[in-house]
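Undergrad: The amino acid sequence is not available; the structure is as follows:
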């Protein structure tokens, strides 16, 4: 008896290419979020009676109240740095990405999910944070102008060509 054929093809959605944004613009967009996190961390400090020695704990707790976690995987070859970031639930219109020679920024703000109830009132569908912010310092200088960024099935994929260097290890003149 023959076994049934199993299809090995997957029907993953096509990748969407994202445009790199100006780092100053992304910093400007992120600033209100960073200030809100700082205010919340200070509130936690005050709530504990201004007890010193817990600043990182306060900061991380404040971040967890505002931000969804973003897991990152990084690999490096001779000519490029590859980064994968899990941004499941965010669309290309909700993500802002900037690349500098030694830094990568991912900022996302999801549109609020609102649902209509039978009684006609509107309520939030979930109470989880609707924003992401991930700043990644790169160990190798990359060429932002040649970077390729794709979003596919909740995975943000970065292919970052390394910057050309001269023999002495300094960046080559363009």
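TA: Ah, there it is. The shown structure was predicted, so the numbers you read here are calculated from the model rather than taken from an experiment.
Undergrad: in the helix ranked longest in the chain, what's buried?
TA: Longest helix in the chain by number of residues (criterion: DSSP state H): helix 23-47. Neighbour-count burial for helix 23-47 flags 23, 26, 29, 30, 33, 37, 40, 41, 44, 45 (criterion: 16 or more other Cβ atoms under 10 Å). (Each C-beta comes from the backbone N, C-alpha and C, glycine too.)
Undergrad: could you say what helices and strands the helix or strand following it packs with?
TA: Next in sequence after helix 23-47, counting helices and strands by DSSP states H and E, comes helix 55-66. With contacts taken as 3 or more Cβ pairs under 8 Å, 6 or more residues apart in numbering; DSSP states H and E, helix 55-66 sits against helix 23-47.
Undergrad: What average pLDDT does the helix it packs on get?
TA: Confidence for helix 23-47, expressed as mean pLDDT, is 96.
Undergrad: Return the distance of it from the chain's centre.
TA: Mean-position distance between helix 23-47 and its chain equals 16 Å (Cα atoms, centre = their mean, to the nearest Å).
Undergrad: and that helix with helix 55-66, angle?
TA: On the basis of axes from the mean of the first three to the mean of the last three Cα atoms, to 10 degrees, helix 23-47 is oriented at 110 degrees to helix 55-66.
Undergrad: who does helix 23-47 touch, helix- and strand-wise?
TA: helix 55-66, strand 95-100, strand 103-109, strand 131-137.
Undergrad: which intervals of the protein have sub-threshold pLDDT?
TA: 1-11, 112-128, 165-174 (pLDDT under 70).
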